[in-house]
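> Return atomic coordinates for the entry below.
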Amino acid sequence: MRKIIAAILCFCGITSFAQDGFFLQPILGAGFTNMNHNDDNDHMTSGDYAFTFDGGVRAGYQAGKWRFNTGFGYLRTGINIPITLTDALGDPIGTSYIRYRYSHLVLPITAGRTFSVTRKLSFTPSAGPEFSYNISSTEKDDFDGRVVHMSSSQFNGYYQRLSCFGLLEAELDYRVSPGLSLSLTPSFDYMLTNFAKTEDGAPFTTKEHPYVLLLNAGVKWAFARKEKQAGGANVPGTK
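You can find the predicted model right below:
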């Protein structure tokens with residue numbers, strides 16, 4: 001009986017450890033993107049979802065149960081606009097798409113709390129702003145295959161260069177070793193600021209808010225980690 005109690009206390013002591021320290025985490029992901037935008041009646045609508053991807057490097061600090069993240073990355077947003085094809089008499093003969101894609105350099109700043117699921121598996125929901133520098137826009141017409149890359153001056157006329165997303169993440173970490181873990185992170189990015197500029201003399205204000213749902217995979221390296229017991233003392237931990 002004493003051995004069973006000792007084993008239970010030992011296990012509880014192990015799972016109560018929280019690893020503190022800095023970490024570096026390359027990530028790569030894919031998912032779907034769309035955009036809320038207003039039509040001629042100033043009603044917000046969406047087009048069809050488009051496949052997208054992102055990638056980057058995160059850097060952060062684990063302080064007990066709290067995790068703080070920042071980093072640098074690339075994010076692509078976009079929207080597929082369905083169009084109706086007609087013949088010379090104006091009768092519909094089919095459908096096609098105009099596909100818009102936008103490129104962004106992003107800087108996320110998030111905070112979250114880590115929950116232990118098992119000895120090696122943890123779950124960290126987090127949230128925060130994600131600042132973006134908007135690079136370029138591409139338009140593709142599926143009907144004739146024409147691709148148009150918007151020039152820098154045209155982009156400045158139609159879109160904002162600086163924007164802010166709201167970022168929600170739910171990261172699952174599996175610890176392979178004390179300094180290495182694998183991560184899988186569903187995330188949702190929504191541009192809080194207006195991406196579009198309104199043309200002079202337009203009868204309504206142009207509003208566009210891209211959003212992205214992604215699943216990111218990453219590898220996390222921890223540096224100079226220490227394991228801290230709830231009682232207080234820092235213990236160099238390897239298990």
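> Residue 100 is in contact with residue 136, isn't it?
No. Assessed by Cβ atoms under 8 Å, residue 100 is found out of contact with residue 136, at 11.3 Å. C-betas here are computed from N, CA, C, even on glycine.
> Show me which of these two is the more surrounded one.
residue 100 (21 against 14; other Cβ atoms under 10 Å).
> in the helix or strand that that one is a member of, what counts as buried?
Using DSSP states H and E, residue 100 maps to strand 92-108. Neighbour-count burial for strand 92-108 flags 97-104, 106, 108 (criterion: 16 or more other Cβ atoms under 10 Å).
> What of stretch 210-224?
210-212, 214, 216, 218, 220, 222.
> Would you mind giving those as JSON lines with distance to residue 146 and secondary structure added?
Putting the buried residues of stretch 210-224 into JSON lines (distance: Cβ to Cβ, whole Å; DSSP: H, G, I helix; E, B strand; the rest coil) gives the following:
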{"residue": "210", "distance to residue 146": "23", "secondary structure": "strand"}
{"residue": "211", "distance to residue 146": "27", "secondary structure": "strand"}
{"residue": "212", "distance to residue 146": "25", "secondary structure": "strand"}
{"residue": "214", "distance to residue 146": "29", "secondary structure": "strand"}
{"residue": "216", "distance to residue 146": "33", "secondary structure": "strand"}
{"residue": "218", "distance to residue 146": "37", "secondary structure": "strand"}
{"residue": "220", "distance to residue 146": "43", "secondary structure": "strand"}
{"residue": "222", "distance to residue 146": "49", "secondary structure": "strand"}
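> Dump those residues into a markdown table; add distance to residue 35 and pLDDT as well.
Shown next, in a markdown table, are these (distance: Cβ to Cβ, whole Å; pLDDT from 0 to 100):
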| residue | distance to residue 35 | pLDDT |
| --- | --- | --- |
| 210 | 5 | 96 |
| 211 | 7 | 97 |
| 212 | 10 | 98 |
| 214 | 15 | 98 |
| 216 | 21 | 98 |
| 218 | 26 | 97 |
| 220 | 32 | 95 |
| 222 | 37 | 91 |
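> List just the nearest of those residues to residue 22.
Nearest to residue 22 out of the buried residues of stretch 210-224 is residue 222 (Cβ to Cβ; 7.3 Å).
> coming back round to it: of all the buried residues of strand 92-108, the one with the weakest confidence?
Within the set of those, pLDDT is lowest for residue 97 (85).
> Unless I'm misreading it, that one sits right up against residue 80, doesn't it?
Yes. Between residue 97 and residue 80 there is a contact under Cβ under 8 Å: 4.9 Å.
> Find residues that contact each of these two.
Common contact partners of residue 97 and residue 80 (Cβ atoms under 8 Å, 6 or more residues apart in numbering): residue 48.
> what sits opposite the nearest residue to residue 121 once chain neighbours are set aside in the beta ladder?
Using Cβ to Cβ, 6 or more residues apart in numbering and skipping the chain neighbours, the partner closest in space to residue 121 is residue 174 (5.5 Å). Beta bridges link residue 174 to residue 121, residue 182 when assigned by DSSP bridges.
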